[in-house]
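[1] turn this into a model:
(chains A and B)
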Amino acid sequence: MGAALAAPQTGEPTVSRPAGRMRRPVVVTGLAGLAVGALVLLTPAFLVFQTTKLGWAGVAHVVFRPLVGQLLWNTVRLVVAVTVLAAAIGLATAWCVERTRLPGRGAWGVLVVLPIAIPEFVMGYAWQSAFRTVHGYLGSVLVMTLSLYPFVYLPVVAALRRADPGQQEVAASLGMGPVATFFRVTLRQVRPALLGGCLLVALYLLADYGAFAIMRYQTFTTTIFTELQLGFNAPAASALALVLVLLSMLLLAGEFLLVHRGRYERLGSGVAREGRRASLGRAAIPVLAGFGVLVVLGVGIPAGVLVYWMLKGSSTTLPPASILSAAAHTVAYAGAAAAATTVLAIPVSVLAVRRRTRLGMALDRVAHLAQGLPGVVVGLALVSFALSYLPALYQTSWVLLAAYAVLFLPLALVAVRSALMAASQRVEEAARSLGARSAKVFFRITLPAIAPGLGAAFALVFLTTATELTATLLLRPTGAETLATQFWYYATNLSYGAAAPYAALIVLVAGVPTFLLTRRLGALAGGSHP
Amino acid sequence: MRGFGPGVLTTALVLALTGTACGAHHAAGGPALTLYSGQHAQTVQALVDKFTAQTGQAVHVRTDDEGILANQILQEGSRSPADLYFAENSPPLEALQAKGLLAPVDPPTLAAVSSTDDSPQGDWVGVSARAGALVYNTARLTPGQLPGSVLDLANPAWKGKVGLAPSETDFQPIVAAVVKVDGQAAATSWLDGLKANATRYEDNESLVAAVNRGDVQVGIVNTYYWYRLRDEQGASAMHSALAFFKPGDPGNLVDISGAAVLASSTHQAAAQRFLAFLVSAPAQEIIATSESYEYPIAAGVTTTKVATPLSGLAPPPLSVADLGDGSGALALLQQVGLL
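    From the prediction side, this is the model:
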């Protein structure tokens, strides 16, 4: 999706190739990129290896049973509905916040992003315990849409902020009405960001477990858990997970084709400036009401339920010392995972954006594959790999960090790639022509220029790691509980009162980077806004 | 606007790694035991604390779903860092035993519980028991309207009234029991009927809550889910009750929760001491009074928390070996399309 975010309005002619005189750095970056690729491809390789243990008859038995048809149908209708709804909500809210004189824009801009600080399983648990009718297909669509639309909102609002308002002004001057301008100009400007956000949402839906378990909606991921929990059957689970890999590849190919149809480059250079904001006029009241409803559903309901359980649940105890140690672990893992993943995203982005190599583009695509896989599958692959080749690291934080890096690299790529696209390549070339070595150019010029993008990558990975559950359960060092694992023990034991403080603390911990992200949206679109 | 600089990133990475990478693996007083536990986290913690207080031996607990942990042990094989495995039901223990991953349990430990409550092969020991039952909504049904057998719930008269959690590790043993008592063909048509009649739930917790709310009239569960729901919601909010099927019915199945020492453990003696502790009176007292609402099974300890005593139950005459490793039940559930 990275191609997405801000490719269009960087003011750089993105088609130019850099002069080829940087042999050594290319090798270094290439090796780093290949290492990242190997890390990401570990899981698919493990799945193929496990599946071959079944033999053809075994695979046929697992994959061609009637249930798999049902799962395909369940998954497709879920992905279509949630992606379309998330796209509509993300696009509409982003446009209102960024392009209109909506009252209270600043506050809305923060409130509509907040749901990504709430883990899906907490969102599901909140809705399920408040309204018993929320379950199955419609319940899952509701809960997942509320959880995931910010993944569309964030890139779209960032793209809008950097889009050249001149194009709209030209359209208006040529007599195009506001509606036509929106569809024929604005929508085209944000199309890569919109499609990229949709891809993230769709892949997330393929992989998520907790919310669907709570909503009682059967997907490939919940079935993979059943195979593991009841059959102790990793080969059968792997065969099903390979179907998810295929689905991810279809989604990636679809997004690639859609993004690369049409032109987004802005040929002239120039300075992005703020365009005139549209007046909402009489539409202001229904629009405000819409924002209010969205925030009540996505933030108010979960917050309300957590407070209710903290006050009412009879299992509520004062937060014990374990809540502090779980919070410390959560922050430490999220910080380390965010830093490591951001660093890993740099060589891949450099290869894809600066060098525009096939390897870079391929790595960028491949990185997304693991995102469509359940955390437990990536976790088991790393269990097997670490035990075979790095036994000393097994059940240390390092393997857990590797899992987080594999799972959340796509999020970091989104931000780092777009920052690189926006950073001026000419300054780098000028420095080189003055005799600076490539490494020095990178650390003195490129790195400071893309720092805001690195910050956005850090924030995205941090908040997603803080809310991760299934890979954490499998790979954490024994005894190192996180807020999410503690919440899960209590919630699955019906001790909602005891579970609620852990959920509240997850939201607080993940809420800080979420808030910072909304302040630094420019960073997500590459470069800072004047 | 400046973002978060690279200095911040580096500092965070260094801090986080130095803070977390050095795990808490070495406790004072000898090498700690590692216990993989699929049992209720709070009860296991109480057991471990008592054991450590008695012996000075530290035990690190790794909690997850019993099946996911069994998978992890299968992946780890002879390199498993686990010394002990504690499961909620017998099938995952039987599965690990069949792969030769468990060490024989010390005979005195096995002798502390009835020979029907541990592995016939002697590689794991029973620690507690849980009973299958029917939970019914008291506003919608009277005791006289309840079915005599779990098999009756496949009758069209129960269409739309039954709740089921087929993916729970507690349901599989009941399926295995029906196969053993009534045969494969009867079990298949029973599951076909259940599939037509039942609303499916992802876990027993949501199933019990659904019966209590009246979403469905009856559910096939283990008794302790009902007690735990009562704990959480308060007795005044309970609109449901437990009932048992007729004596010997497969629906009254008593499941055994058990523990084992891994063959790969390098702390065999200490790990065997922990198993011996689990079936000793102090540990069984903890189980008898815990919020797990399970039955202690060592002689001389009885629960005060559960209304029907273990001796008052009328389970079908089956051994844990009859229930096997669950693969047969899983295949059947997949065949009829419940999974």
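[2] got the buried residues for stretch A:231-246?
    Residues A:231-245 are the ones in stretch A:231-246 that count as buried (16 or more other C-beta atoms under 10 Å in any protein chain shown). Backbone N, C-alpha and C define where each C-beta goes, glycine included.
[3] what two of those residues are the furthest from one another?
    Longest distance between any two of the buried residues of stretch A:231-246 is 22.2 Å, between A:Phe232 and A:Val245; criterion C-beta to C-beta.
[4] can you flag which of the buried residues of stretch A:231-246 belong to strands?
    If you go by DSSP state E, the buried residues of stretch A:231-246 have nothing in strands.
[5] in the stretch 201-339 of chain B, which spans are helices?
    Along the stretch 201-339 of chain B, the segments classed as helices by DSSP state H, counting those that start in this stretch run B:204-213, B:223-233, B:268-278, B:281-289, B:320-323, B:327-336.
[6] among these, which comes closest to A:Val36?
    The closest of those to A:Val36 is helix B:327-336. By C-beta to C-beta, the value is 37.9 Å.
[7] quick one: list the elements packing against the closest one.
    Secondary-structure packing of helix B:327-336 (3 or more C-beta pairs under 8 Å, 6 or more residues apart in numbering or on different chains; DSSP states H and E): helix A:220-231, helix B:171-182, helix B:184-197.
[8] need those helices in TSV (columns: mean pLDDT).
    As requested, the helices and strands packed on helix B:327-336 are exported to TSV (pLDDT from 0 to 100):
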stretch	mean pLDDT
helix A:220-231	88
helix B:171-182	91
helix B:184-197	95
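[9] turn those helices into TSV, including distance to A:Leu39.
    Formatted as TSV, these follow (distance: least, C-beta to C-beta, whole Å):
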stretch	distance to A:Leu39
helix A:220-231	21
helix B:171-182	36
helix B:184-197	43
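[10] A:Arg162 is nearest to which of those helices?
    Closest among those, once you apply C-beta to C-beta, is helix A:220-231, at 35.4 Å.
[11] may I see the buried residues of that closest one?
    Buried, per 16+ other C-beta under 10 Å, within helix A:220-231: A:220-231.
[12] of the residues you listed, closest to chain B?
    Closest approach to chain B among those (C-beta to the nearest C-beta): A:Gln229, at 3.2 Å.
[13] that closest one reaches B:Ser167, doesn't it?
    Yes - in this structure, A:Gln229 is within contact of B:Ser167 by C-beta atoms under 8 Å, at 7.2 Å.
[14] can you pull out the low-pLDDT segments for chain A?
    A:1-25, A:261-275, A:313-320, A:494, A:521-530 (pLDDT under 70).
[15] if you set the cut-off to 50 instead, what comes out?
    Counting by pLDDT under 50, chain A has low-confidence residues at A:1-22, A:267-269, A:526-530.
[16] again, but for chain B
    B:1-10, B:12, B:15-29.
[17] residue contacts, the residue most central in space within it?
    By C-alpha atoms, centre = their mean, chain B has its centre lying nearest to B:Glu88, at 2.3 Å. With contact set as C-beta atoms under 8 Å, 6 or more residues apart in numbering or on different chains, B:Glu88 has these partners: B:38-39, B:66, B:130, B:169-170, B:255, B:257.
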